[in-house]
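Student: Need a 3D model of the following:
(one chain, ligands or ions: 1)
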Amino acid sequence: MSELAGARILITGASGRIGTVTSKHLTASGALVTALSSSVNESLVADRIIIGDATREDDVAEAMDGADFVVHLAALAHRTAGTPYAVYSTNVVSTFNVLAQAGERGIERVVVAGSINSYGLPQNDHPLLPAYFPLDTDIPIDLSDWYSLSKRNDENAARMAWRHWGINVVTLRFPHVNSAEELAKISGKIRDDPESGIREGWSYLDTRDAARSIELSLTARTTGAHAFFLAANNTNSPYRTEDLLRRYAPDVPRLRRFVEREVPIDLTPARKLIGFQAAHELDIPTLDLP
Ligand SMILES: NC(=O)c1ccc[n+]([C@@H]2O[C@H](COP(=O)([O-])OP(=O)(O)OC[C@H]3O[C@@H](n4cnc5c(N)ncnc54)[C@H](O)[C@@H]3O)[C@@H](O)[C@H]2O)c1
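Tutor: Have a look, this model is predicted:
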């Protein structure tokens, strides 16, 4: 029996790619899901569905009624998902609104969808490479777009919410998250253009693993506000990580050696803080870099 059985969980953005799978996953673990989303999705499984706007105080107040936990996924999920103003304001206002209302009500734990983009390089306009590999929580940031800035600011909002309301927040810095079929297609593109994946460390996460990482964050015993990377253990590239880094980032320091297709991201916080280890890996053969 899951610890979440009988708990009411508000999921914002529940009709999205990650939200749909997460709503189903948490419902299967016995939770009562309240879904808040600006759009409807026929395959959404939830106990209560509210069509509303996460930036609006009254919509979030209605959706948060009776909630024991909150999972905040609602966002414009890419820099091109709207105007710069729409992307930035939707993301930071909705996150603040959700955290502030959860804090005022004494809700003890919120999980927020962060992003690998919060370090700024994956969508950066300049041809920058990370300061070192593996990417970790101390990696220097360089922001040149409003989506990445919004995700970085969400992490600051979470820290503020912890200091003010004492609310525990886990911000999951997701890499590209998708179904196994879509991830396999992306892997094919990366095989043809390996360099294109470098600033994300060729990372990915299956949507089912994203849903499980959210469940683990809800039941974790962490206190305070934590933000960390998570990803599948192996890259979406068929080539060995050491070979890729030697070819495409010869001047970037490597703090350790990577074994075969090991993802060059520090996954230790995900393991230690929420006990997460990906269960769904791409099944691709390892090849020699041509
Ligand atoms: N999928 C990825 O690869 C990925 C990677 C990193 C981070 N993330 C983050 O994870 C979260 C979920 O991503 P996704 O891929 O499921 O995105 P998605 O676009 O599929 O889903 C987002 C959902 O939020 C809803 N939404 C948007 N603005 C809203 C608002 N103001 N009020 C209420 N609902 C609103 C949309 O209707 C949609 O259902 C986002 O915060 C995104 O930034 C996703």
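Student: Could you pick out the residues of the stretch 51-200 of the chain near the ligand for me?
Tutor: Within the stretch 51-200 of the chain, the positions lying close to the ligand (CB under 6 Å from any ligand atom) are 53-55, 73-77, 90, 94, 113, 115, 174, 176-177. Where you see a C-beta, it was placed from the backbone N, CA and C, and this is true even at glycine.
Student: so which pair among the residues you listed is furthest apart in space?
Tutor: With CB to CB as the measure, no two of these lie farther apart than Asp53 and His176, at 26.2 Å.
Student: burial count for Val177?
Tutor: 26 (other CB atoms under 10 Å).
Student: isn't it right up against Gly19?
Tutor: No. Using CB atoms under 8 Å, Val177 makes no contact with Gly19, being 11.0 Å away.
Student: roughly how far apart are whichever residue of the chain sits closest to the ligand and Arg159?
Tutor: Residue nearest to the ligand within the chain: Gly16 (1.9 Å; CB to the nearest ligand atom). Note on Gly16: its distance to Arg159, by CB to CB, to the nearest Å, is 25 Å.
Student: go on, Glu42?
Tutor: Counting by CB to CB - Glu42 and Arg159 are separated by 38 Å.
Student: next one: Ser237
Tutor: From Ser237 to Arg159 the distance is 34 Å (CB to CB).
Student: And the two? Which one has more around it.
Tutor: Neighbour count, other CB under 10 Å: between Ser237 and Arg159, Ser237 has more, with 26 against 15.
Student: May I ask you to confirm that that one belongs to a helix?
Tutor: No. Secondary structure of Ser237 (DSSP: H, G, I helix; E, B strand; the rest coil): coil, not part of a helix.
Student: what's the burial count for the spatially closest residue to it that is not a sequence neighbour?
Tutor: Of all residues not flanking Ser237 in the chain, Trp202 sits nearest, at 4.5 Å (CB to CB, 6 or more residues apart in numbering). Neighbourhood size, Trp202 [other CB under 10 Å]: 27.
Student: And Trp202, which helix or strand is it part of?
Tutor: Of the helices and strands defined by DSSP states H and E, none includes Trp202.
Student: list the contacts for it?
Tutor: Ile190, Pro194, Thr235, Asn236, Ser237, Thr241, Leu244, Val263, Pro264 (CB atoms under 8 Å, 6 or more residues apart in numbering).
Student: repeat that for 7 Å
Tutor: Ile190, Thr235, Asn236, Ser237, Val263 (CB atoms under 7 Å, 6 or more residues apart in numbering).
Student: Please consider this matter closed, and thank you.
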